[in-house]
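Engineer: structure of the sequence below:
(one chain, ligands or ions: 1)
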Amino acid sequence: MSETILSVGALAADLGRLAEELARLEEAGADWIHLDVMDGCFAPPILGDVALFKAIRKYTKLPVDVHLMVEHPELKVAQFEGADWITVHAEAGPHVHRAVAEARRLGAKAGVAINPGTHLSGAMGVINEVDMVLIVAVDPGFSGARFVPAALGKARKLREKFAELGIEGVKVGIDGGINLENAAQVGALADVVVSGSAVFKGAGPEENIKAFKAAFGRKG
Ligand code: ZN
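Structural biologist: Numbering: from 1, shown residues only. Sure thing, here's the model as predicted:
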């Protein structure tokens, strides 16, 4: 397993000062910027959109990692052209294969995400077409949701499956409810850890990103 990457959830930033916040994250050592997009249908809130994506893309050089929690992603992926990563949900409808193919056609790396209630098999149907499986550890869009520990078991099982099938180079991501208390446990199983509010809380990104990386066993 390579060094665990920290992808910082942009929605937790002060969006009124987006450019400054992105510069601050870059300076503080964030690896990627993660944008959650919810359409009010697949997930209850309406959050994150193409305008915000374009502003983020404009103001950061860091890889931008878009997580689409939307219905019919195959019809919407193209609006996020310029993203480095585009992840769609296995539960989002019958055309997930088309959505990940479209992400790759745009030049992005493609990911497939699964909710806490979805079996790993939901991701395995497109495993040869993706660069990441994102295990979502909270029910998307329900605020105050807590980390579902079964996500760790899923990540472990996914790694076993990769070994069994000889799959190499597909990242395992874990997203939702991750903070400095569970970062070491999550980081030991994930190539990519997504965290938003825990990065901005308390001492702020400068201290928190350092602490996350230390929890992942990284030196810098
Ligand atoms: Zn996300």
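Engineer: flag every buried residue along the helix or strand where Val186 lies.
Structural biologist: Secondary structure from DSSP states H and E places Val186 in helix 183-187. Neighbour counts over helix 183-187 (16 or more other CB atoms under 10 Å) mark 183, 186-187 as buried. Every C-beta, even on glycine, is put in place using the N, C-alpha and C of the backbone.
Engineer: got those as CSV, with pLDDT and distance to the ion columns?
Structural biologist: Below are these laid out as CSV (pLDDT from 0 to 100; distance: CB to the ion, whole Å):
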residue, pLDDT, distance to the ion
Ala183, 98, 16
Val186, 98, 14
Gly187, 97, 17
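Engineer: in the helix or strand containing Ile56, what's buried?
Structural biologist: Taking DSSP H and E as the definition, Ile56 sits inside helix 50-59. Buried positions in helix 50-59, judged by neighbour count with 16+ other CB under 10 Å: 52-53, 56-57, 59.
Engineer: ok, residues contacting it?
Structural biologist: The list of residues contacting helix 50-59 from outside it, by CB atoms under 8 Å, 6 or more residues apart in numbering, reads 10, 15, 18-19, 22-23, 33, 35, 37, 64, 66, 79-80, 82-83.
Engineer: those: which two are farthest apart?
Structural biologist: Spatial extent of the contacts of helix 50-59 (CB to CB) is set by the pair Ala23 and Gln79 at 25.2 Å.
Engineer: out of the buried residues of helix 183-187, flag the one nearest to Glu71.
Structural biologist: Nearest to Glu71 among the buried residues of helix 183-187, with distances taken as CB to CB, is Val186, at 28.1 Å.
Engineer: just want to know which of Ala23 and Gln79 has more residues nearby.
Structural biologist: Between Ala23 and Gln79, counting by other CB atoms under 10 Å, Gln79 is the more crowded of the two (16 against 13).
Engineer: that one falls within a helix, correct?
Structural biologist: Yes - checked against DSSP: H, G, I helix; E, B strand; the rest coil, Gln79 lies within a helix.
Engineer: quick one, longest helix in this protein?
Structural biologist: helix 150-165 (DSSP state H).
Engineer: contacts for the very next helix or strand once past that helix, please.
Structural biologist: Next along the chain after helix 150-165, taking DSSP H and E as the criterion, comes strand 171-175. Here strand 171-175 makes contact (CB under 8 Å, 6+ apart) with 7, 34, 67, 87, 111, 113, 131-137, 151-152, 155, 158-159, 186, 189-194.
Engineer: can you pull out the helices in this structure?
Structural biologist: Listed in chain order, the helices of the chain (DSSP H) span 18-28, 50-59, 96-105, 121-124, 150-165, 183-187, 197-200, 205-215.
Engineer: most proximal residue of this protein with respect to the ion?
Structural biologist: The nearest approach of the chain to the ion comes at His67, 3.6 Å away (CB to the ion).
Engineer: number of nearby residues for that residue?
Structural biologist: 27.
Engineer: pretty sure it is touching Ala83, no?
Structural biologist: No - between His67 and Ala83 there is no contact under CB atoms under 8 Å: 10.0 Å.
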